[in-house]
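Participant: Sequence and predicted structure are below.
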Amino acid sequence: MGSIPGRRGEASSKLLTELLYCLKYSTLGGSQENLSEEILIYLEQAFGCSTEVMQAALDSVKNAKAPVFQVRLLLGGATGLQNKSVDGPSRPYLTLCLGGQAEASDAGGLQRSAVREGPQPTWNQNFIVDLGNSDSQSLVLNVWNQQSGNSLVRMLTKLSSARRLHRWVKQAVKRLREDRTAGKLSRRDDFLGQVSLPLQDLPLQSQELWLKLEPRSDRSLVSGEVSVSVSFITSRRDTPLSAQGVSKVDVFEKLLGIFVEYEHRTVAGGWLSGLSTDAMRLLSLYTSQSDVSPFQQSITVWLKYARMHGCGRRVEFRILEAALLDMEKDWDAQKAYERMAHFV
């Protein structure tokens, strides 16, 4: 099979290189072993390129520098948290850092969430942690209960009985001993639990996780779980399209077009079931690594299918309907996230 000639062939070669780069770095650290023979055969057929063109793209990826990985963490919420406030409902917040960048029990942390109220808070807040040249092997999450500056005054006005005073004194002594055991100075905010996530165990593509909060010492009293969605994205990618500053959505649109055109043309009996597993995996790798949002993806897919349908090329109605419903769902999710982010 011959390569596509001229300017179109050069553009296709750059898109092919982009996908091969995604495949190599589909695991943290990257590996040539991620480029399986089966997926290379599919790409060679979809792009209509020769073995020589494929080898040139493979050599380019082999010699390219690794991308800088970043961890994207969407903090959803928590449930079953301890209420350590003596003057009303708890006011939990979360700190996030790479292991070694800040002490696990230091509420200063690298990044901090908004403060919510109650034992089952909802945050829906995004964090980006740049791994850079860090040697850290873990991501550390700590949950805290904020004690406001005037909480002591409010507490004293509510300590109308010796029993309440006794309870407060016991909690204060417990926190002091806990901090002394951990070798830390006493803090005003209460520790509610922590999670340490090994980076090698995190999924490269977005996945929701419910994580049980753990104590930091034998004396820590913690309970509950925290919900996070974790994925890796990349920056400073050493590819021709990245060097040119081509929009990630434009790249996704072109890759989608190549796969749709190939499969619509070659699938026997008509294109009735949407993209193949290979095409979906490749597109998913690119969108997750390049941080193309679900709404950007769904509107691009809908426009492609709608244009094909408008040109008289057969696209099964249920494929069109599914694309439209995905776009509506992702639009609603994006607007909901933007409304929540407004209050962070």
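Facilitator: Noted; the coordinates are in hand. Model, not experiment: these values are computed from the prediction.

Participant: what's the burial count for residue 92?
Facilitator: Applying the criterion other C-beta atoms under 10 Å, we find 31 residues in the vicinity of residue 92. From N, CA and C alone the C-beta is placed, and that goes for glycine too.

Participant: And it, how close does it get to residue 113?
Facilitator: Taking C-beta to C-beta, to the nearest Å as the measure, residue 92 falls 9 Å from residue 113.

Participant: How about residue 141?
Facilitator: Residue 141 is 10 Å from residue 113, where distance means C-beta to C-beta.

Participant: Buried ones in the host helix or strand of residue 60, by neighbour count?
Facilitator: Element membership of residue 60, judged by DSSP states H and E, is helix 51-63. By neighbour count on 16 or more other C-beta atoms under 10 Å, the buried set for helix 51-63 is 53, 54, 57, 58, 60, 61.

Participant: where do the helices sit along the protein?
Facilitator: Ranges of helices within the chain are 6-24, 37-47, 51-63, 151-158, 162-181, 240-244, 248-266, 277-290, 294-310, 317-341, based on DSSP state H.

Participant: Please name whichever of the ones you listed is nearest to residue 84.
Facilitator: Residue 84 lies closest, by C-beta to C-beta, to one member of the helices of the chain: helix 162-181, at 6.9 Å.

Participant: Quick check, pLDDT for the residue nearest the centre of the chain.
Facilitator: Using C-alpha atoms, centre = their mean, the residue of the chain that lies closest to the mean C-alpha position is residue 231, 3.1 Å off. Listed pLDDT for residue 231 reads 85.

Participant: in the stretch 51-200 of the chain, which ranges drop under the pLDDT threshold?
Facilitator: Applying pLDDT under 70 to the stretch 51-200 of the chain picks out residues 86-87, 100-110, 133-135, 148-187.

Participant: let's see it at 90
Facilitator: 68-72, 82-91, 97-115, 117-119, 126, 128-139, 146-190, 197-200 (pLDDT under 90).

Participant: Now do the same contact list for residue 83.
Facilitator: Residue 83 makes contact with 89, 90, 119, 145, according to C-beta atoms under 8 Å, 6 or more residues apart in numbering.

Participant: Repeat that for residue 283.
Facilitator: 252, 255, 256, 259, 275, 297.

Participant: Then residue 197?
Facilitator: 138, 139, 140, 141, 211, 230.

Participant: taking the residues you listed one by one, which sit in strands?
Facilitator: 138, 139, 140, 141, 211, 230 (DSSP state E).

Participant: if you skip the residues just before and after it, what's nearest to the fourth one?
Facilitator: Take residue 141 and drop its neighbours on the chain: the residue closest to it by C-beta to C-beta, 6 or more residues apart in numbering is residue 195, 4.6 Å away.

Participant: The one you found touches residue 140, doesn't it?
Facilitator: Yes: shown here, residue 195 and residue 140 form a contact pair, counting by C-beta atoms under 8 Å, at 7.5 Å.

Participant: Which one's more surrounded, those two?
Facilitator: residue 140 (23 against 20).

Participant: Please tell me I have it right and that one contacts residue 194.
Facilitator: Yes: with contact defined as C-beta under 8 Å, residue 140 reaches residue 194; the gap is 6.7 Å.

Participant: The residue nearest to the centre of the chain is in contact with residue 28, isn't it?
Facilitator: No: counting by C-beta under 8 Å, residue 28 is not a contact partner of residue 231; they are 11.6 Å apart.

Participant: what touches both of these two?
Facilitator: Shared contacts of residue 231 and residue 28, defined by C-beta under 8 Å, 6+ apart, are found at residue 204.

Participant: picking up where we left off before, could you name the helices and strands sitting against the helix holding residue 60?
Facilitator: Secondary-structure packing of helix 51-63 (3 or more C-beta pairs under 8 Å, 6 or more residues apart in numbering; DSSP states H and E): helix 6-24, helix 37-47.

Participant: Now find how far off-centre it is within its chain.
Facilitator: In terms of C-alpha atoms, centre = their mean, to the nearest Å, the centre of helix 51-63 is set 30 Å apart from its chain centre.

Participant: Tell me what angle that helix forms with helix 6-24.
Facilitator: Put simply, helix 51-63 runs at 50 degrees to helix 6-24, going by axes from the mean of the first three to the mean of the last three C-alpha atoms, to 10 degrees.

Participant: now helix 51-63 against helix 37-47, angle please.
Facilitator: Using the same axes, to 10 degrees, helix 51-63 lies at 120 degrees relative to helix 37-47.

Participant: Just the CA atoms of helix 51-63, as CSV, please.
Facilitator: Provided in CSV are the C-alpha atoms of helix 51-63 (Å, rounded to 0.1, in the frame of the first residue of the first chain):
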residue,chain,number,x,y,z
THR,A,51,5.6,0.3,5.7
GLU,A,52,8.4,2.8,5.1
VAL,A,53,6.2,5.7,6.3
MET,A,54,5.2,3.8,9.3
GLN,A,55,8.8,3.0,10.2
ALA,A,56,9.8,6.6,9.8
ALA,A,57,7.1,7.6,12.2
LEU,A,58,8.1,4.9,14.7
ASP,A,59,11.8,6.1,14.5
SER,A,60,10.6,9.7,15.2
VAL,A,61,8.7,8.6,18.3
LYS,A,62,11.6,6.4,19.5
ASN,A,63,14.0,9.4,19.4
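
Participant: Right, I'll call it a day here.
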